[in-house]
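> turn this into a structure:
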Amino acid sequence: KIQMGYAREDVIAGLCKAVATNYLNNVGKGKKINAPVVFQGGVSKNVGVVHFFEEALGCEVTVDADGHLMGAFGAALLAAGTPEQDLRPFEFDIDDFEFKTREIICQKCPNHCEIVCVYRDDDLIDSWGNRCDKGALKAKRK
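Below is the predicted model:
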């Protein structure tokens, strides 16, 4: 969009609005807000995203000063309550895997979505970018 002449500020604002809108549409799914809203996670430090959440929700959004640490805090609490022998199956060496990304253009409908595929070794483990179910790719489950 910048190459097409759009102002950098407008492109960034559009991205921030898209993050808030996507969350509300895909996770919120039309739920009514009747309580204070607290936003946490790394994205909560992005004032533009916070602004568009407030605009869409029509209320103030509270951001905790340490909200970006809550995921790590939760993982630490889970690990602290888990016996050490139960954590061993999750130990691995990242060098044991080869990760690749590939972009494909879906031709199954007029959207021609750009789908990003992530492979571990040769197995598809995740994909995103499709705007309809026709472009949905299924990761192999082990």
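
> quick check on residue 36: phi, psi?
Backbone torsions of residue 36, given as degrees, to the nearest 10, read phi -60, psi 150.

> not counting its neighbours along the chain, what's nearest it?
Excluding its sequence neighbours, the residue lying closest to residue 36 (C-beta to C-beta, 6 or more residues apart in numbering) is residue 62, at 6.3 Å. The way it works is simple: take the backbone N, C-alpha and C, and place the C-beta from them, glycine included.

> Three-state assignment for that neighbour, please.
strand (DSSP: H, G, I helix; E, B strand; the rest coil).

> break the chain into its domains for me.
Domain assignment of the chain by automatic domain parsing yields the ranges 8-86, 94-135.

> can you list the weak-confidence ranges in the protein?
84-94, 140-142 (pLDDT under 70).

> for it, what's the longest helix?
The helix that spans the most residues within the chain, counting by DSSP state H, is helix 8-23.

> and the next helix or strand past that one?
strand 37-39 (DSSP states H and E).

> in its sheet, which strands sit next to that following strand, and in what direction?
Here strand 37-39 is paired, per DSSP bridges, with strand 61-63 (parallel).

> list the buried ones in the strand it pairs with?
By 16 or more other C-beta atoms under 10 Å, the buried positions in strand 61-63 come out as 61, 63.

> ditto for stretch 122-140
Within stretch 122-140, the residues that qualify as buried by neighbour count (16+ other C-beta under 10 Å) are 127, 130, 135.
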